[in-house]
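Visitor: Sequence below, structure please.
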Amino acid sequence: MKVFVSLALLAALSSAFQPAARVFSRPAVASKVQAVAIPLPGLKQPESLVNSPVPTRAAAAPKKAQLAKEDQWIANLDYDGFGKEVAALGKELQKQAGPDDVKHLQKMVSWRNACALVGLATMWMAPNPLTVAALSTWTYASWTMIAHHTCHGGYNRVDAGKFNSRGFALGSVWNRAKDWLDWMQPEAWNIEHNRLHHYRLNEARDPDLVQRNVQWVRDMQVPDAAKLALVGGLMPIWKWFYYAPNTFKEVQINNYKQSGKAFPKNFDPDDAVTMTTLFLSRADYAKATRKVVNPIEFLTKVVGPFFMARFVLIPAPLLLFPGVGPTLFGHAVVNMILADLLTNIHGFITIVTNHAGNDLYTFNDAVKPKTPSFYVRQIVGSANYALGTDLVDFSHGYLNYQIEHHVFPDLSMLQYQKGAPKLKAICAKYGVPYIEESVFTRLYKTVQIMIGKTTMRQFPTEYEPTKDKAGDKGVTWKSTNGAIDDE
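Guide: Okay, the predicted model is just below:
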């Protein structure tokens, strides 16, 4: 199928430039790693694993390093005062949740549905920008706005019908089809994103840490133009090439830990998994990975349903038109393929760029959720884009409120609109950097990180209050629904 042509292109690029190191591999972390398992719908969680901690570095008390000029604000920060004001804002926004949030959600759903209607109604036409843009936005809005905020529990405090994290798109292919059908499996995405990314933001074990995941690109001894070509080749296919298999890896790791099975030799849970790993690589680590992440199961359970629905079942009725059926079907398939490439680019620009840039920080240990240090990390490890109106926010998938979303993961889209000016004011009061820039500026800064031209800042974690440190205990949770606890 044409949708897989880019896989061959990227594989060729990878083969041409890839060093002996693994694609998207992560460096080892010098720490005691303890198992963590996360319960999935219908699975009983062993008590011994319910409170298993997230892997973290052992706590240490190093001598405080001299701060660079741009980091001086850290030494002067009133962590307790800042934390109290941020926590109070979060409670205020939670209490405001009500019918207006549901109406706003319904408005965004109606806009999404309008895009789907336009795209589906015109997909039979020869490939054209209107159809492609409409189909692309249908997919983009379904994930970034509807599924994203629902799966985080943003509507659990209100009566929003099916838009509740405890059942949305979970349990069956049918539920995926009617709630949220994309390349990723919802259960896997809930683990990888809601938990592992949000509560390890920009730490060594954040599965979405861009700088670390593309270290192999940064290390290439090739012209920058070649690196840019590789990044450009990844943008239109990244969801099915990288994100779908890597999120599925996390749910398989969780299953291994629940059952008490030992990982195969040469398998590293911290290595990112791509289509190359599952289907092309002959390396020992790839062979071991395929024992954990079964390629056939991945095709049938994860990417297969979306592929069949979008590129076969939806266009198929057009074949019933006598004479012109095959032509109309071909138009529809090409429109669907182009829309998928476009929605991947749209998603890359507004998602991958949220936590990358030489003005954002990485962290070398873990802190407890809802502590002052946790709030600070979410703010200085994230970037917002242009804010303010539903139309602007819709075009950004409401990912332009990334700072607010990471500080308060389980709020509605409307509450992020209301809370952003207030959180920005608190940051200004305490001198905490609050980055808000054009999405294209953030794209430029992200690409500079990816090709190795710049590097993210390392946060001096020794300046954080000791009481906020997670230490060996790490972060614990009992479900993947919404926030760190069920409030």
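
Visitor: wait, isn't His406 in contact with Gly381?
Guide: Yes. Using C-beta atoms under 8 Å, His406 is in contact with Gly381, at 7.5 Å. Every residue, glycine included, has its C-beta placed from N, CA and C.

Visitor: out of the two, which sits in the more crowded spot?
Guide: The residue with more neighbours, out of His406 and Gly381, is Gly381; 26 against 21, by other C-beta atoms under 10 Å.

Visitor: Which residue ranges of the stretch 201-350 of the chain form helices?
Guide: Along the stretch 201-350 of the chain, the segments classed as helices by DSSP state H, counting those that start in this stretch run 210-213, 215-218, 224-234, 238, 244-259, 275-279, 284-292, 295-297, 304-308, 325-351.

Visitor: I'd like those written out as CSV, with mean pLDDT, distance to Ser412 and mean neighbour count added.
Guide: Converted to CSV, those look like this (pLDDT from 0 to 100; distance: least, C-beta to C-beta, whole Å; neighbours: other C-beta atoms under 10 Å):
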stretch, mean pLDDT, distance to Ser412, mean neighbour count
helix 210-213, 93, 27, 21
helix 215-218, 94, 36, 19
helix 224-234, 97, 32, 16
helix 238, 97, 27, 22
helix 244-259, 93, 24, 22
helix 275-279, 96, 35, 21
helix 284-292, 95, 36, 18
helix 295-297, 97, 35, 12
helix 304-308, 98, 26, 17
helix 325-351, 98, 19, 20
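
Visitor: closest to Asp468 out of the ones you listed?
Guide: helix 210-213 (23.3 Å; C-beta to C-beta).

Visitor: distance between that closest one and the chain's centre?
Guide: 13 Å (C-alpha atoms, centre = their mean, to the nearest Å).

Visitor: between the helices of the stretch 201-350 of the chain, which one is nearest to Pro317?
Guide: helix 325-351 (8.8 Å).

Visitor: Where does pLDDT dip in the stretch 51-200 of the chain?
Guide: 51-62 (pLDDT under 70).

Visitor: Asn202: what's it in contact with?
Guide: Taking C-beta atoms under 8 Å, 6 or more residues apart in numbering as the criterion, Asn202 is in contact with Leu209, His355, Leu360, Tyr361, Thr362, Phe363, Arg377, Gly381, Met456.

Visitor: wait, the second one sits on Asn384?
Guide: In this case it means His355. No. The criterion here is C-beta under 8 Å, and His355 misses it with Asn384 at 11.5 Å.

Visitor: Overlap of the contact sets of these two?
Guide: Listed contacts common to His355 and Asn384 are Gln402; contacts here mean C-beta under 8 Å, 6+ apart.

Visitor: sorry, back to before: including distance to Gly471, could the helices of the stretch 201-350 of the chain go into CSV?
Guide: Output for those, formatted as CSV (distance: least, C-beta to C-beta, whole Å):
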stretch, distance to Gly471
helix 210-213, 22
helix 215-218, 27
helix 224-234, 37
helix 238, 35
helix 244-259, 21
helix 275-279, 33
helix 284-292, 29
helix 295-297, 37
helix 304-308, 41
helix 325-351, 31
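
Visitor: got the contacts of Asn202 as CSV, with distance to Thr137, pLDDT and secondary structure columns?
Guide: Converted to CSV, these look like this (distance: C-beta to C-beta, whole Å; pLDDT from 0 to 100; DSSP: H, G, I helix; E, B strand; the rest coil):
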residue, distance to Thr137, pLDDT, secondary structure
Leu209, 28, 95, coil
His355, 24, 98, helix
Leu360, 28, 98, coil
Tyr361, 33, 98, strand
Thr362, 33, 97, strand
Phe363, 35, 96, coil
Arg377, 32, 98, helix
Gly381, 28, 98, coil
Met456, 31, 98, coil
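
Visitor: What's the ChimeraX syntax to select whichever of those residues are buried?
Guide: To isolate the buried ones among the contacts of Asn202 in ChimeraX, judged by 16 or more other C-beta atoms under 10 Å, type:
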select :209,355,360,361,362,363,377,381,456
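
Visitor: ok, the contacts of Asn202 vs Pro236, which is closest?
Guide: Nearest to Pro236 among the contacts of Asn202, with distances taken as C-beta to C-beta, is His355, at 21.1 Å.

Visitor: Asn190 versus that closest one, what's the distance?
Guide: 19 Å (C-beta to C-beta, to the nearest Å).

Visitor: residues making contact with stretch 68-80?
Guide: Contact partners of stretch 68-80, identified using C-beta under 8 Å, 6+ apart, comprise 67, 372-373, 376, 430-433, 457, 459-460, 463-465, 468.

Visitor: Mind listing what's buried along that stretch?
Guide: Asp71, Ile74, Leu77, Tyr79.

Visitor: could you dump the residues you listed to a markdown table with distance to Asn400 and secondary structure?
Guide: Putting these into a markdown table (distance: C-beta to C-beta, whole Å; DSSP: H, G, I helix; E, B strand; the rest coil) gives the following:
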| residue | distance to Asn400 | secondary structure |
| --- | --- | --- |
| Asp71 | 26 | helix |
| Ile74 | 26 | helix |
| Leu77 | 25 | coil |
| Tyr79 | 27 | helix |
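
Visitor: all strands for this protein, in order.
Guide: 361-362, 457-458 (DSSP state E).

Visitor: quick one: which of these is nearest Val251?
Guide: strand 361-362 (25.7 Å).

Visitor: Quick check: can you name the pairing partners of that closest one and their directions?
Guide: Strand pairing for strand 361-362, determined by DSSP bridges: strand 457-458 (parallel).

Visitor: The nearest residue to Phe329 once chain neighbours are set aside - how many residues pack around it?
Guide: Excluding its sequence neighbours, the residue lying closest to Phe329 (C-beta to C-beta, 6 or more residues apart in numbering) is Leu318, at 4.6 Å. When neighbours are defined as other C-beta under 10 Å, Leu318 has 19 of them.

Visitor: now Thr466
Guide: Thr466: 10 neighbours (other C-beta under 10 Å).

Visitor: That one and Tyr79: what is the separation?
Guide: 11 Å.

Visitor: before we move on, what about Ile379?
Guide: Distance from Ile379 to Tyr79, counting by C-beta to C-beta: 13 Å.

Visitor: Kindly report the same for Asp219.
Guide: In terms of C-beta to C-beta, Asp219 sits 36 Å off from Tyr79.

Visitor: which ones are touching the most centrally placed residue in the chain?
Guide: Ranked by distance to the mean C-alpha position of the chain (C-alpha atoms, centre = their mean), the top residue is His193 at 5.2 Å. Neighbour list for His193: Cys151, Asp208, Thr247 [criterion: C-beta under 8 Å, 6+ apart].
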